[in-house]
Each structure stands twice: as structure tokens, then as C-alpha cells.
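Participant: Provided below are the primary sequence and the corresponding predicted coordinates.
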Amino acid sequence: MAFHKISITINKESEQVVVPSNMTLMQMLRESLALTGTKNGCSAGECGACTVLLNGQPVNSCMVLAVECDGAEIITVEGLAHDRQLDPIQEAIIESGAVQCGFCTPGILISSRALLDRNPDPTEDEIGEALVGNLCRCTGYARIIEAVKKAARTKAIIAQSIPTD
Amino acid sequence: MSLNAHPGLPEFEYIKFENIDDASQFLANHSGDARPLMGGTDIFVRMRDGAWSDKYLVDVKSLSGMNEIANNPTGGLFIGAAANMNRVIAFQAVKENYPILAEAANSCASYQLRTRATIVGNICNASPAGDTIGACILLGGILNVHGINGTRQEPLSKFFLGPGKSKLKAGDIVTSIQLPIPPKGMVGKYIKHGRNKVSDLAIVGITVVGWPDADLPSGLRIRLALASVAPVPLVVDQVETILSEKRIDEKTIAEAAQVAMSACNPIDDVRASARYRKQMVRNLSIKALTEVWERLKN
């Protein structure tokens, strides 16, 4: 089986990785780059635990080949925080107690962040819709939805506090 | 979900061509061993399950024109084969003129799956359960196909031959789907009946579109397509005939739904029994037809 040398930006850092044809993005993150925040749940694109941002869009990293990501920009859960500052969605998930076993949390964080990037003020239905592909087997959905609402409010306050001129 | 969930895929070679002729030729030369790769949302699941064991996956996403979505006021909508479902759903002309396509696409799996899944891939997979297929057939969709003997067009109405079987031959690459301008005043409804609201295939899928047509005795043309209840996606022409020729009321809609139920030929499987599917075809056809009729009346 052929190996491919790919260039990829992960959490704002450039990486060159050699990957076999059949390696998924999830395997590359976890096994080649030790970014084990991305979780392997179902390996079938259903549970969402492996969700990462690929060029700004959420994908199930178990359903993307690493070689397909040559030249792409990836953000994993490890890349959400900046300058020692957690992302508002991370803060909100902690404050709302929206973590039970924690296995789904990285995927929930990425999906929620992607939702807030495309829709800064989502309704409860829109939050539910955006998280349809993230299963929480502890069934902690109520607090997760609360957290996304809270993060949206925080982001709105931050946005208002930044001078526009 | 795979019964033996594991992260690894079996071994295969990933190949990309600059030129579509080379890609077609390679696929034709390795017939049975090679498959075009779009979003991979079906391919990877089947390969992990051991159902498919192709030696080569030919990534056709980056070929010229494959990512384009364009609306032409005179020619209709053009969706490149690699345009993902989220892009199609968000495309302004789709929201305005083809909302039934957005509604059907939105019922597929999850947002992150739809970042990869494509309308053309959903069609090429030729599953009787394909959520977007009914809408694409009823909208008069035509596929542009590149094969080893050049390009050709395949109307969707005659495209499907059986579960997973279509008119595509070795070496064929579907490059886009074209949808003509919809009739004025068209409305639609897709009802997906699944075991849950997410990530599941339809037990029964009902697509209905309708529009005013003054030449018909009923004044309305209403068409219905069914998913998951026959070996191929099924358009029940008799429903259109009944609702064209007779004055539409609750009785005619019930009659049309009964005809839809008789026309389908479902199987028992892990998701539902054939008997249940038939009954749901009747009940949900009434619901979808009534909704479309009421919206057209107003």
C-alpha cells in the first residue's frame, strides 16, 4: 500500500506527515500526532466524538482520509483555547456542568463552536439540530444545550466590548 | 453502525488524477476493483463492514468543475458532484426555488456528515432509501456523466435499476446534476419516517411536490415519490393521474394514498416490517399530500 507525504496545518501549526492510503484523519491525529482529545467512538460517522474542524467546517474525522487533508487546516479540541484563555464554549460547558463521562465532550465542543461561528444567536431548536450528530450516552443534553446558549451570550458580550473603529 | 466498530479501514490505494479522462480510463481498466470517491460517507462504512473491498479509491472531488454550484435564470440549477450537502442547503437559489431539495438534504444524518456527503453521491449510491433522490427525480434531475466514450446525460427517472444498481458503467464519473427551473408556484414536502430523528435511514420516505396547472381538471399537478419501499426509488405516476383528473378533496387524497400503498413493494428488514411500511406509506402519503394541497389552495 502506498504512503503519501502530506502538509497540513493543525491548530495553527504546520505539520508534514507520512500517511498510508487507508489512514483516517482521526487515526492520524490520535496515533501519529498524539492529539488524543479527538475520540474514537463508533468509527461509522454516527456518534460525533471524533468531530474536528476541516477548513472551518465540522467533519467526522473517522470518515475522512488523512491523505484527503493535504493542504487543509484542521482545528481539534486542543486548538480551541488561545493565549491560555479557554474558548467561551469551553468555559460554558464547565460552568454549566455539561460534562459527565466526558467522552463526547470534545466533539460537542467542536460542533458547538462551528454552530456559533455560523450562527451567533441560535435558538434551542437550532442547537439541537446542530448537535444531532453528537451522541451523549450519559444523556446530559439539557445542560449541554444550556451551555451553548450561555456561550452565545458570552460571545455577544465580548463582541460588543470590542471597539469597532 | 458497524457491529465490529474499529477505526481501521482495510488496505487500498488512494489515487487522484489531474484529468477526468485518465480517471475514467483507470476506473474502466480496474472494473470491480476501483471506485470513484466523493464524500466517502457510504464507502468507508461499507469497507469497514467488509461489504466492499475495492483495491483502489479514485478521488474525483478535485476534478475541474466538480465543486461548482450555479443557478442560471434560464437553464436552472447546476450542482457539481463534489458540492457537499451543507453548501447545497445554504445556496440561496436552492432555498428560494428548490426548497424541497434543501428539506430532503437536511434530513440526511448530521451536520458534520453533510459537510462530506453529496447529493450526487446519494444518487450514485442508488440506495432505495436515498433521502434526496425523490426530490431530484420529481424536480426532473438529469445527471451529467463522463465515461470512457465521452460525456452523456442520464435522466434520473430511468437511472435506477435495483438496490445499489444504476445505469452507471465501469469508468463512469458523474460530474454534476442539473435541475430545470421548477414550475411556478411549486411547493413540496418530504416526510422521513425513521426509528429516530437522527442518523438513521428512512423506514419510509415520502416526497411530494405540486404546482398550479390550469390545464388540468383539478387545477393542480401533484407528484409523489417513495423511498425505502421498493428495490428502487419509486415515483407513483397513478397518484399524479388521480390528483390531476379528479377534484381534490380528502376523499381523492385518501384514494391516491391507497394507490401509493398498493404500488410499493417493501421488504422486512431490521428497521421495519413490510406490512408496517405499507401502512405508513398510506398514512404518511395522506399527510404529505394534504399539506401540499393545503399550501397550494392558499
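Facilitator: Perfect, thanks for sending it.
Participant: low-confidence ranges, the chain, go.
Facilitator: Picking chain A for this. When residues are selected by pLDDT under 70, those of chain A lie in A:164-165.
Participant: actually, chain B is the one I wanted.
Facilitator: In chain B (pLDDT under 70), the answer is B:1-6, B:198-199.
Participant: what about the strands in the chain?
Facilitator: You didn't say which chain, so I picked chain A. A:3-10, A:13-20, A:51-54, A:57-60, A:73-75 (DSSP state E).
Participant: not what I meant, chain B
Facilitator: B:13-16, B:34-37, B:56-59, B:69-72, B:76-80, B:142-147, B:150-155, B:160-162, B:165-166, B:173-179, B:187-193, B:204-212, B:220-227, B:234-235.
Participant: distance of residue B:193 from residue A:32?
Facilitator: 42 Å (CB to CB, to the nearest Å). (C-beta placed from N, C-alpha, C; glycine too.)
Participant: who's more crowded, these two?
Facilitator: residue B:193 (21 against 14; other CB atoms under 10 Å in any protein chain shown).
Participant: okay, and the beta partners of the more buried one?
Facilitator: Residue B:193 has these beta-bridge partners by DSSP bridges: residue B:204.
Participant: any idea how far it lies from chain A?
Facilitator: Look at residue B:193 and chain A: by CB to the nearest CB, to the nearest Å, they are 16 Å apart.
Participant: pretty sure that residue is touching residue B:280, no?
Facilitator: Yes: using CB atoms under 8 Å, residue B:193 is in contact with residue B:280, at 5.7 Å.
Participant: so what sits against both of the two?
Facilitator: B:203-204 (CB atoms under 8 Å, 6 or more residues apart in numbering or on different chains).
Participant: quick one: contacts for residue 65?
Facilitator: Picked chain A for this. A:21-25, B:14, B:40.
Participant: my bad, the chain I had in mind was chain B
Facilitator: Taking CB under 8 Å, 6+ apart, one finds B:80, B:175-176 in contact with residue B:65.
Participant: do the same with residue A:26
Facilitator: Contacts of residue A:26 (CB under 8 Å, 6+ apart): A:38, A:40, A:43, A:50, A:61-62, A:64, B:7.
Participant: near chain A, from the contacts of residue B:65?
Facilitator: Taking CB under 8 Å from any CB of the partner chain as the test, chain A is in contact with none of those.
Participant: just the buried members of those residues?
Facilitator: Buried by 16 or more other CB atoms under 10 Å in any protein chain shown: B:80, B:175-176, out of the contacts of residue B:65.
Participant: which of those residues sits closest to chain A?
Facilitator: Nearest to chain A among those is residue B:80, at 16.7 Å by CB to the nearest CB.
Participant: please name the nearest non-neighbouring residue to the residue of chain A found nearest chain B.
Facilitator: The nearest approach of chain A to chain B comes at residue A:133, 2.3 Å away (CB to the nearest CB). Spatially, and ignoring its direct neighbours in sequence, residue A:133 is nearest to residue B:110 (2.3 Å; CB to CB, 6 or more residues apart in numbering or on different chains).
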